[in-house]
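J.: Here you go, sequence then predicted model.
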Amino acid sequence: MIVTLIVARAAAGTPSVEARFDVPFTPGQTVLDGLRYVRTHADPSLAFRYSCINANACKECMMVIDGKVAYACTTRLHEGVQHLAPLPNKRLVSDLVTEIAPPDERLFPRSQ
Ligand code: FES
């Protein structure tokens, strides 16, 4: 089975462009599995963040999946097309990565 991931990509302050990636999968695999496949086999520059993988504890993989905010590590891949975008209400860092750390926990002030 194949899923086509349509990923909104951009660097901070630049317009977003859509990138298409065809990903083979077996039922039960997650969007995060698909993104990791893309980074390993198609484009190592694709930016996304994760830490706990399926424990639903770190919240770092949060993004917009098919129009809804969801965790990439718990959302299943399905045959067809899935659209991925960064969180709309957070500062964009790159591609699917947004600034999610509370202001007091950031390494750098917002202007950097
Ligand atoms: S990777 Fe930690 S919640 Fe998804």
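T.: Thanks, I have it. Numbering: from 1, shown residues only.
J.: Can you show me the helices along the chain?
T.: Ranges of helices in the chain, per DSSP state H, are 31-41.
J.: which stretches of it aren't confidently modelled?
T.: 108-112 (pLDDT under 70).
J.: near the ligand, which residues of it?
T.: Contact residues (Cβ under 6 Å from any ligand atom) of the chain with the ligand: 50-53, 55-61, 71, 73. C-betas here are computed from N, CA, C, even on glycine.
J.: Would you point out the most distant pair within the residues you listed?
T.: I53 and K59 (12.4 Å; Cβ to Cβ).
J.: Between those two, which has more neighbouring residues?
T.: Using other Cβ atoms under 10 Å, the more surrounded residue of I53 and K59 is I53, with 17 against 13.
J.: what sits against the residue lying closest to the more buried one once chain neighbours are set aside?
T.: Nearest residue to I53, sequence neighbours excluded (Cβ to Cβ, 6 or more residues apart in numbering): C73, at 5.5 Å. Counting by Cβ atoms under 8 Å, 6 or more residues apart in numbering, C73 touches 30-32, 50, 52-56, 61.
J.: Quick one: those residues as a markdown table, columns for distance to D95 too.
T.: Listed next are the contacts of C73 as a markdown table, based on distance: Cβ to Cβ, whole Å:
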| residue | distance to D95 |
| --- | --- |
| T30 | 18 |
| V31 | 14 |
| L32 | 14 |
| Y50 | 13 |
| C52 | 20 |
| I53 | 19 |
| N54 | 21 |
| A55 | 23 |
| N56 | 22 |
| C61 | 13 |
